[in-house]
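Asks: Got a predicted structure here, sequence first:
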Amino acid sequence: MAKTGPKRTKIQQQLDQAAIAELTLKGWTQLQIAQHLELDQSTVSRDLRAIQEQWKANALRDFDADKTAELENLKQLKREYWAAWERSQADREISSLEKLATGCGAEHQALGRVKVSNRTEQRNGDPAFLNGLVKIVELESKLLGLFPTEKTAGNSAIALTDTQLGTLADLMRNIP
């Protein structure tokens, strides 16, 4: 039989809603819940509506928080790709040592001198880092909803050949 009498307190309503949520997730019907908790079926219905609204609000907040966290991860990764790209363009010092043997000593060790040479190698940058940047921008754009969905646009991936990436690298080096 349904409870009659004074209105439920806020605490009792919260306790009832927690029980209603649990029993709903277990597959109970509103009528079964009402009988079990001795509430009106209409009270169970109202409480269930409030519970579902709360679940929706929590899901949206969680989604927004996850989306924000992923965007921050992508921003950090983008900074790392840019730094790697810039390092890959820096000149590289290459040193080499060469032993010049002039004969053998008493214990069959090579005698001679060592020739040391240093040279500087100019590098054009590794296009793999630019390719990584393109992928990061694509992921950010998808996460922000800037690309059409795959259902309507097919595959929206950006694909660049090594030659195109090399051209892009040359262009980026010339940016002041």
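Replies: That came through, no problem.

Asks: chain center to stretch 62-69: distance?
Replies: 11 Å (Cα atoms, centre = their mean, to the nearest Å).

Asks: Please name every helix or strand in contact with the biggest helix by length in the chain.
Replies: Longest helix in the chain, counting residues (DSSP state H): helix 41-89. Judged by 3 or more Cβ pairs under 8 Å, 6 or more residues apart in numbering; DSSP states H and E, helix 41-89 is in contact with helix 10-25, helix 30-37, helix 127-143. Using the backbone N, CA and C atoms, a C-beta is placed for each residue, glycine as well.

Asks: Switch these over to JSON lines; also include distance to Asp91, mean pLDDT and mean neighbour count.
Replies: Listed next are those as JSON lines, based on distance: least, Cβ to Cβ, whole Å; pLDDT from 0 to 100; neighbours: other Cβ atoms under 10 Å:
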{"stretch": "helix 10-25", "distance to Asp91": "64", "mean pLDDT": "92", "mean neighbour count": "14"}
{"stretch": "helix 30-37", "distance to Asp91": "74", "mean pLDDT": "95", "mean neighbour count": "16"}
{"stretch": "helix 127-143", "distance to Asp91": "17", "mean pLDDT": "90", "mean neighbour count": "17"}
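
Asks: of all the ones you listed, which lies closest to Tyr81?
Replies: The closest of these to Tyr81 is helix 127-143. By Cβ to Cβ, the value is 4.6 Å.

Asks: now the angle from that closest one to helix 41-89?
Replies: 160 degrees (axes from the mean of the first three to the mean of the last three Cα atoms, to 10 degrees).

Asks: The helix or strand where Ser117 lies pairs with which strands, parallel or anti?
Replies: Using DSSP states H and E, Ser117 sits within strand 110-121. Sheet pairing of strand 110-121 (DSSP bridges) gives strand 92-104 (antiparallel).

Asks: For stretch 160-167, the averaged confidence score.
Replies: Across stretch 160-167, pLDDT averages out at 74.

Asks: burial measure for Tyr89, as a count.
Replies: One thing to correct before we go on: residue 89 is Gln, not Tyr. 15 (other Cβ atoms under 10 Å).

Asks: Skipping adjacent residues, who's closest to it in space?
Replies: Closest residue to Gln89 apart from its sequence neighbours, by Cβ to Cβ, 6 or more residues apart in numbering: Gly125 at 4.1 Å.

Asks: and the nearest residue to Thr24 once chain neighbours are set aside, how many neighbours?
Replies: Closest residue to Thr24 apart from its sequence neighbours, by Cβ to Cβ, 6+ apart: Leu48 at 6.3 Å. Neighbour count of Leu48, defined by other Cβ under 10 Å: 17.

Asks: how is this protein carved up into domains?
Replies: 10-62, 92-123 (automatic domain parsing).

Asks: roughly how far apart are the residue nearest the centre of the chain and Ala57?
Replies: For the chain, the residue lying nearest the average C-alpha position, counting by Cα atoms, centre = their mean, turns out to be Glu70 (4.0 Å). Distance, Glu70 to Ala57, using Cβ to Cβ, to the nearest Å: 21 Å.
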